[in-house]
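Engineer: What follows is a predicted protein model with its sequence.
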Amino acid sequence: MPELPEVEITARRLNGALAGAPVESALAPGMVTMKTFDPPLDSLAGRTITAVGRRGKMPVVEFGDLSLLIHLMSAGRLQLFPDRASMRDKRSRLLVRIGDGRELRLREFGTQQRAWAKLLATDAVDIDEAVSTLGPEAYPVPPLDELEALVRQPRHLHPLLRDQRTIAGIGRSWVDEILWTAELSPFKKGDTLDDGEIARLSEAMDEVLGGVLDHYEEVVGDSLPDKAPMPLKVHRRAGEPCPRCGTTIEAVHFRDYVMCYCPSDQTGGRVLKDRRLSRLLK
């Protein structure tokens, strides 16, 4: 799933390209894409795109007093194209056609139609359930005392930091990178962190998320790719040497994702039990 840095760079590029652009029409080829019906999607025709931003991992396209709140789910991409998609394009979920022939297109890869959008009054976006339940934005990093209050919970750090109700924007990719940078175990509980570890976590969030955004500003052009080139050091690097100490990066496999870490730097040299092996031994 695109996370805070990927959605942020998308919003920045689209805002630069589309602010002030007139809308010719809006269509939703995806049968289940729109989660609202009033106002109707075609009420965007004749309006102007005033801004593109985000809430957590969700892009928000503003049209004056109306806004599209979009959830990309795991396989959605919001991109600007120079021409119009065919209505037979099976990946297209939502099409906002611009007066000059360009098209803002929500596409989804794979067979499942899970990406969705809501057309809301702009002043109602922040009170919509999908937004109002979000925790504070992960970047810029909340003040240290606020971050401490958020993470001091009796939960493992890896799922805690991915919980959008706790802090918004971090997912599977960047939580691995943040915990590795902070030299914290993914299975350490938030309520056991001392003041120094809280400070390291805050610094790591700033370093990782800010560094990724700086990276994207350099390498992502005006044409947004399907997948941004992610500067990963440990995530998806199982079996490779840790770039800091050279220890082999290990992984724990869950049903839907893989968690990567450095045993030497994060778990006191312990290799954590791989859930795949645990299931085989049952």
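Structural biologist: Right, received. Where do you want to start?
Engineer: Please, where are all the strands along the stretch 51-200 of the chain?
Structural biologist: For the stretch 51-200 of the chain, applying DSSP state E, counting those that start in this stretch gives strands covering 51-55, 58-63, 66-71, 76-81, 92-98, 103-108, 116-121.
Engineer: Output these in JSON lines, with mean neighbour count, distance to A130 and mean pLDDT appended to each entry.
Structural biologist: For every residue, glycine as well, the C-beta is placed using N, CA and C. Output for the strands of the stretch 51-200 of the chain, formatted as JSON lines (neighbours: other Cβ atoms under 10 Å; distance: least, Cβ to Cβ, whole Å; pLDDT from 0 to 100):
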{"stretch": "strand 51-55", "mean neighbour count": "20", "distance to A130": "8", "mean pLDDT": "98"}
{"stretch": "strand 58-63", "mean neighbour count": "23", "distance to A130": "7", "mean pLDDT": "98"}
{"stretch": "strand 66-71", "mean neighbour count": "22", "distance to A130": "7", "mean pLDDT": "98"}
{"stretch": "strand 76-81", "mean neighbour count": "21", "distance to A130": "14", "mean pLDDT": "95"}
{"stretch": "strand 92-98", "mean neighbour count": "23", "distance to A130": "16", "mean pLDDT": "96"}
{"stretch": "strand 103-108", "mean neighbour count": "23", "distance to A130": "16", "mean pLDDT": "96"}
{"stretch": "strand 116-121", "mean neighbour count": "21", "distance to A130": "7", "mean pLDDT": "98"}
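Engineer: now those in CSV, with distance to L41?
Structural biologist: Below are the strands of the stretch 51-200 of the chain laid out as CSV (distance: least, Cβ to Cβ, whole Å):
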stretch, distance to L41
strand 51-55, 17
strand 58-63, 11
strand 66-71, 9
strand 76-81, 15
strand 92-98, 8
strand 103-108, 12
strand 116-121, 6
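Engineer: So for P140, which of the ones you listed sits nearest?
Structural biologist: Taking Cβ to Cβ, strand 51-55 is the member of the strands of the stretch 51-200 of the chain nearest to P140, at 13.5 Å.
Engineer: in its sheet, what does the closest one sit against?
Structural biologist: In the sheet, strand 51-55 lines up against strand 58-63 (antiparallel) (DSSP bridges).
Engineer: Not counting the strand it pairs with itself, show me its contacts.
Structural biologist: With contact meaning Cβ atoms under 8 Å, 6 or more residues apart in numbering, strand 58-63 is reached by 7, 10-11, 14, 18, 23, 44, 47-54, 67-72, 78, 96, 104, 122, 125, 130-131.
Engineer: Now with 6 Å, please.
Structural biologist: Taking contacts as Cβ atoms under 6 Å, 6 or more residues apart in numbering, the residues outside strand 58-63 that touch it are 7, 11, 44, 47, 49-53, 67-71, 78, 122.
Engineer: for stretch 219-239, same thing?
Structural biologist: 6, 9-10, 13, 77, 79, 173, 176-177, 180, 215-216, 243, 249, 251, 260.
Engineer: Looking at those residues, spot the one nearest L147.
Structural biologist: Closest approach to L147 among the contacts of stretch 219-239 (Cβ to Cβ): E177, at 17.1 Å.
Engineer: That closest one: neighbouring residues, count only.
Structural biologist: 24 (other Cβ atoms under 10 Å).
Engineer: Quick check, it in contact with E207.
Structural biologist: No - counting by Cβ atoms under 6 Å, E177 stays clear of E207, with 9.3 Å between them.
Engineer: Distance-wise, check the closest residue in space to D126 that isn't next to it in sequence relative to L160.
Structural biologist: Nearest residue to D126 in three dimensions, chain neighbours excluded: S132, at 6.6 Å (Cβ to Cβ, 6 or more residues apart in numbering). Going from S132 to L160 by Cβ to Cβ, to the nearest Å gives 20 Å.
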